[in-house]
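K.L.:
Build me a structure from this.
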Amino acid sequence: SDAWMKLCERYEAKQSIAYLIGKLFRGTLLDESEIEPQLNAMRQKTQVLNSLGQTLDNSLVTIAMVISLPPSYST
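P.N.:
Numbers count the residues shown, from 1 in each chain. Got it, this is the predicted structure:
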């Protein structure tokens, strides 16, 4: 039925949002790879979140990027 499909779509979107936010805030960038493409992948996750209706403030995205930097970037 239409109601079931709408419920499934909504649940899948919420599940995707939770997954992406988890990846964004729990990920660690790798020293072995260039940082810029990894940061771009994080930006892409925020764009997908925006398209799912979950907008994150730029300051939160910046915090996610900073906390994901590898230990070699600590000062």
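K.L.:
Going by C-alpha atoms from here, please, whenever you check contacts or count neighbours.
P.N.:
Will do.
K.L.:
which is the next helix or strand following the longest helix belonging to the chain?
P.N.:
In the chain, ranked by residue count with DSSP state H as the criterion, the top helix is helix 2-26. Scanning the chain past helix 2-26 towards its C-terminal end, the next helix or strand to appear is helix 35-51 (assignment: DSSP states H and E).
K.L.:
Now do that following helix, average pLDDT.
P.N.:
For helix 35-51, the mean pLDDT works out to 94.
K.L.:
For it, which residues meet the burial criterion?
P.N.:
Within helix 35-51, the residues that qualify as buried by neighbour count (16 or more other C-alpha atoms under 10 Å) are 38-39, 42-43, 45-46, 48-49.
K.L.:
what about this protein, any weak spots by pLDDT?
P.N.:
Within the chain, the segments meeting pLDDT under 70 span 75.
K.L.:
number of nearby residues for Arg26?
P.N.:
The tally of other residues near Arg26 (other C-alpha atoms under 10 Å) stands at 11.
K.L.:
tell me the contacts of it?
P.N.:
Taking C-alpha atoms under 8 Å, 6 or more residues apart in numbering as the definition of contact, the neighbours of Arg26 are Ser68.
K.L.:
all numbers from here: first residue = 13
P.N.:
Sure, I'll start counting at 13 from here, so that last one is Arg38.
K.L.:
could you measure it against Ser80, distance?
P.N.:
Arg38 sits 7 Å away from Ser80 when distances are taken as C-alpha to C-alpha, to the nearest Å.
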